[in-house]
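Colleague: Just a sequence and a predicted model for now, questions to come.
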Amino acid sequence: MPRYEVEFASFRKVTIEAETEAQANDKAAVMEDEDIERDRFETTGYMIWNEATEVK
């Protein structure tokens, strides 16, 4: 029987203090996993990221 792989992703919203949107994006780009986990502002749970693809 064929096997299929489905990707899941967990999305989080994190509040970042910044003077501009560009600065907020720059800060977000270099955030460490621990900092993202620590915020815990809102967790939306897991969502399907990609459709199923056959595993060969």
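Modeller: Looks like it arrived, so ask away.
Colleague: Kindly spell out which helices and strands sit in contact with the helix or strand hosting Thr53.
Modeller: Using DSSP states H and E, Thr53 sits in strand 42-55. Helices and strands touching strand 42-55, by 3 or more CB pairs under 8 Å, 6 or more residues apart in numbering; DSSP states H and E, are strand 3-13. Where C-beta positions appear, they are placed from N, C-alpha and C, glycine not excepted.
Colleague: tell me the mean pLDDT for the strand it packs on?
Modeller: Strand 3-13 carries an average pLDDT of 84.
Colleague: partner strands of it, parallel or antiparallel?
Modeller: Take DSSP bridges as the rule and strand 3-13 pairs in its sheet with strand 42-55 (antiparallel).
Colleague: Can you list the low-confidence ranges for this protein?
Modeller: Applying pLDDT under 70 to the chain flags the ranges 39-44.
Colleague: redo that, cut-off 90
Modeller: Within the chain, the segments meeting pLDDT under 90 span 6-17, 31-56.
Colleague: rewinding a little: just the C-alphas of the strand holding Thr53, formatted as PDB.
Modeller: Extracted as PDB, the C-alpha positions of strand 42-55 are listed here (Å, rounded to 0.1, in the frame of the first residue of the first chain):
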ATOM      1  CA  GLU A  42      -1.800  33.200  21.000                       C
ATOM      2  CA  THR A  43      -1.500  29.600  19.800                       C
ATOM      3  CA  THR A  44      -3.700  28.700  16.900                       C
ATOM      4  CA  GLY A  45      -2.800  25.000  17.000                       C
ATOM      5  CA  TYR A  46      -1.700  22.800  14.100                       C
ATOM      6  CA  MET A  47      -2.900  23.400  10.600                       C
ATOM      7  CA  ILE A  48      -2.200  21.400   7.400                       C
ATOM      8  CA  TRP A  49       0.700  23.200   5.700                       C
ATOM      9  CA  ASN A  50       1.000  21.100   2.500                       C
ATOM     10  CA  GLU A  51      -1.300  18.500   0.900                       C
ATOM     11  CA  ALA A  52      -0.400  14.900   0.900                       C
ATOM     12  CA  THR A  53       2.500  13.700  -1.300                       C
ATOM     13  CA  GLU A  54       3.400  10.100  -1.900                       C
ATOM     14  CA  VAL A  55       6.400   8.800  -0.100                       C
END
